[in-house]
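Colleague: predicted coordinates and the sequence they were generated for:
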Amino acid sequence: MARHRSSLPPVPTTPKAHWKAGRVNRAFGPSPANSGPNRANTPYVWPTRSRVRDSVRNSPLAARAVNLLVSELIGTGIVPLFQAENDGHKRALNDLWRTFVPAADYHGHCDFYGLQALAARAIIESGECFVHLVNSLDSFFGCGAISLNLLEADMVPLHDGRAPNGNAIYSGIEVDGNGRRVAYWVHKKHPGDSWRAIGQAYTHDHYQRIEAEDLLHLYEPQRPGQLRGFPRLATALQTLQQFDDYNEATLERQKLAASLTLFIRRPAPIDPGIDPVTNQGINPDEVQESVIVPGSAYTLLPGEEVTSPDLPTLGEHYPEFSRTHQRLIAAAIDIPYELLTGDWTDSSDRTARVTLGAFRRRLQQQQKQLLVHGLCRPVWQRLAQLARLSGELPVRIDTRVEWVPQAWPYINPLQDVQASAAAISAGIKSRTGVIAERGDDPERIDAERLADALRDQSIPAQENRQ
């Protein structure tokens with residue numbers, strides 16, 4: 001017996017979209033995958049890293065982008081300004097830091113500020129960097145200190161697994177039952193320098209287990225819950241490759257065009273084998289060729305004429321085409337076009353201020369939230385802790401640290417200094433704050449000014465005695 005139509009369950013229908021971006025139409029094509037923050041990245045990290053590194057090695061724009069970002073982020077270093085209860089404590093802090101900086105590198109190649117630059121380069125190229133805090137009992141303190149061993153992103157594998165203690169491991173990161181990071185599993189040798197089995201089991205035979213408190217993971221997550229970093233140049237990678245291919249093809253075409261070839265045309269032979277110009281016999285085994293020397297003039301024989309092929313030209317649209325794609329690349333890497341290419345043709349002083357202001361605000365965000373919070377702060381905390389245990393610092397010393405990057409150069413030195421002075425006079429800024437923004441220690445500046453003033457006062461007295 002057939003059921004009545006009204007008793008059938010209703011057919012589910014898609015609700016009408018109130019957002020145009022949510023509608024199904026041809027403009028957007030197939031619906032993109034809605035993967036989680038790790039599934040969307042992890043399978044593609046390895047090939048993307050390799051391609052970005054290859055691009056940095058071979059693409060002038062990519063190499064320029066990485067060098068520029070490292071230079072603008074780090075400069076000569078992000079330095080600490082210590083604030084202590086008294087001058088004695090501050091001197092102890094400064095002495096401790098000056099001793100640590102040149103000996104910070106586990107391998108002895110860089111000082112601490114060089115490691116900052118190396119870590120920033122690794123984050124830009126590979127998307128992340130790991131820093132192993134190695135406690136060293138045999139150190140310049142005699143009792144205890146640390147050195148930093150930077151590990152490339154490849155040193156921590158990307159596959160999931162299970163630790164011998166039963167904890168889950170996601171992309172080389174061991175987490176406890178609450179999902180908190182407790183350890184990292186690190187290759188004993190770089191996988192790119194030695195053979196390894198893909199997806200091998202997490203055991204101490206193949207990996208070194210490092211506690212989470214001893215390994216800093218530096219990366220900039222783009223989504224909540226993202227476990228591993230992704231290379232910054234990934235968005236621009238395809239455009240970079242295509243632009244480089246186009247430039248190479250254009251250069252090759254112009255090289256061919258520069259190889260100028262002329263054809264000398266003669267009348268047809270009067271008789272078979274007789275040259276009508278020279279009246280001499282023609283040797284079929286000889287082909288006459290002329291060498292064209294720049295700046296010379298030649299007289300042709302009667303009946304000869306010179307023709308040249310239709311050579312390719314660079315094209316009037318090439319410069320604009322190149323600028324358009326360079327702007328796309330600059331936007332993808334988040335660098336102003338003028339800085340990336342050095343082309344300031346259509347830029348004014350006002351435009352430069354706006355462009356550099358937006359760019360440097362983004363850099364300040366990374367300096368504070370990534371490098372200071374993720375690298376400088378925990379390194380200092382560990383160093384101060386061990387120094388207290390070893391007696392290098394007073395146990396009850398009250399330490400406050402402000403990390404200050406190197407100041408960017410003035411755009412217009414006279415106007416910028418006048419603006420700072422006016423801000424101080426108006427009470428908008430303090431003199432201490434302005435000096436700190438320049439990457440200097442206000443107390444050191446005051447001490448130098450006092451020394452200069454005393455020296456200036458002593459010079460007239462010395463002249464009078466003479």
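Modeller: Great, that's in hand.
Colleague: assign a three-state SS to residue 93, would you?
Modeller: For residue 93, the assignment made with DSSP: H, G, I helix; E, B strand; the rest coil gives helix.
Colleague: so for it, what's the nearest residue that isn't a sequence neighbour?
Modeller: residue 82 (4.2 Å; Cβ to Cβ, 6 or more residues apart in numbering). For every residue, glycine as well, the C-beta is placed using N, CA and C.
Colleague: tell me the SS of the one you found?
Modeller: Under three-state DSSP, residue 82 falls in the strand class.
Colleague: shaky segments in the stretch 51-200 of the chain?
Modeller: Scanning the stretch 51-200 of the chain for pLDDT under 70 picks out 137-144, 194-199.
Colleague: can you give me the helices in it?
Modeller: Along the stretch 51-200 of the chain, the segments classed as helices by DSSP state H, counting those that start in this stretch run 60-74, 87-100, 112-126.
Colleague: tell me how far the residue nearest to residue 93 lies from residue 404.
Modeller: 11 Å (Cβ to Cβ, to the nearest Å).
Colleague: from the chain's centroid, how far away is the top strand by length along the chain?
Modeller: Identified as the longest strand of the chain according to DSSP state E is strand 128-136. In terms of Cα atoms, centre = their mean, to the nearest Å, the centre of strand 128-136 is set 20 Å apart from its chain centre.
Colleague: buried sites along that strand?
Modeller: Within strand 128-136, the residues scored as buried using 16 or more other Cβ atoms under 10 Å are 128, 129, 130, 131, 132, 133.
Colleague: same check on stretch 230-242?
Modeller: 230, 231, 232, 233, 234, 235, 236, 237, 239, 240, 241.
Colleague: residue 447 falls within a strand, correct?
Modeller: No - the assignment for residue 447, made by three-state DSSP, is helix rather than a strand.
Colleague: for it, the count of nearby residues, please.
Modeller: 11 (other Cβ atoms under 10 Å).
Colleague: measure it to residue 55 for me?
Modeller: Per Cβ to Cβ, residue 447 is found 48 Å from residue 55.
Colleague: packing partners of the helix or strand hosting residue 322?
Modeller: Element membership of residue 322, judged by DSSP states H and E, is helix 318-333. In terms of contacts (3 or more Cβ pairs under 8 Å, 6 or more residues apart in numbering; DSSP states H and E), helix 318-333 is packed against helix 60-74, helix 234-258, helix 337-341.
Colleague: tell me what the shortest one is packed against?
Modeller: If contacts are counted by 3+ Cβ pairs under 8 Å, 6+ apart, helix 337-341 sits against helix 60-74, helix 318-333, helix 349-366.
Colleague: buried residues, the second one. List them.
Modeller: Judged by neighbour count (16+ other Cβ under 10 Å), helix 318-333 contains these buried residues: 322, 325, 326, 328, 329, 330, 332, 333.
Colleague: closest to residue 343 out of those?
Modeller: Relative to residue 343, the closest of these is residue 326; by Cβ to Cβ it sits at 8.0 Å.
Colleague: which residues in this structure form strands?
Modeller: Along the chain, the stretches classed as strands by DSSP E are 79-83, 128-136, 145-151, 161-162, 168-170, 173-175, 181-187, 207-211, 215-219, 263-265, 305-307, 400-404.
Colleague: alpha carbons only: can I get the first one in PDB?
Modeller: It stands for strand 79-83. Taking Å, rounded to 0.1, in the frame of the first residue of the first chain, the C-alpha atoms of strand 79-83 are listed here in PDB:
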ATOM      1  CA  VAL A  79      69.100  44.300  23.200                       C
ATOM      2  CA  PRO A  80      68.000  44.200  26.800                       C
ATOM      3  CA  LEU A  81      67.600  47.300  28.900                       C
ATOM      4  CA  PHE A  82      67.800  46.300  32.500                       C
ATOM      5  CA  GLN A  83      66.000  48.000  35.300                       C
END
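Colleague: so where's the stretch 301-450 of the chain uncertain?
Modeller: Applying pLDDT under 70 to the stretch 301-450 of the chain picks out residues 301-304, 308-315, 395-398, 439.
Colleague: now with 80, please.
Modeller: For the stretch 301-450 of the chain, the stretches flagged by pLDDT under 80 are 301-317, 346, 349, 390-399, 409-416, 418-419, 432-444, 446-448.
Colleague: pretty sure residue 113 contacts residue 101?
Modeller: Yes - assessed by Cβ atoms under 8 Å, residue 113 is found in contact with residue 101 at 7.0 Å.
Colleague: contacts for stretch 43-54, please.
Modeller: Here stretch 43-54 makes contact (Cβ atoms under 8 Å, 6 or more residues apart in numbering) with 62, 125-127, 153-154, 158, 228, 230-231, 233-234, 237, 241.
Colleague: now with 7 Å, please.
Modeller: For stretch 43-54, contacts defined as Cβ atoms under 7 Å, 6 or more residues apart in numbering pick out 125, 126, 153, 158, 228, 230, 231, 233, 234, 237.
Colleague: tell me which of the residues you listed is nearest to residue 350?
Modeller: Nearest to residue 350 among the contacts of stretch 43-54 is residue 233, at 29.9 Å by Cβ to Cβ.
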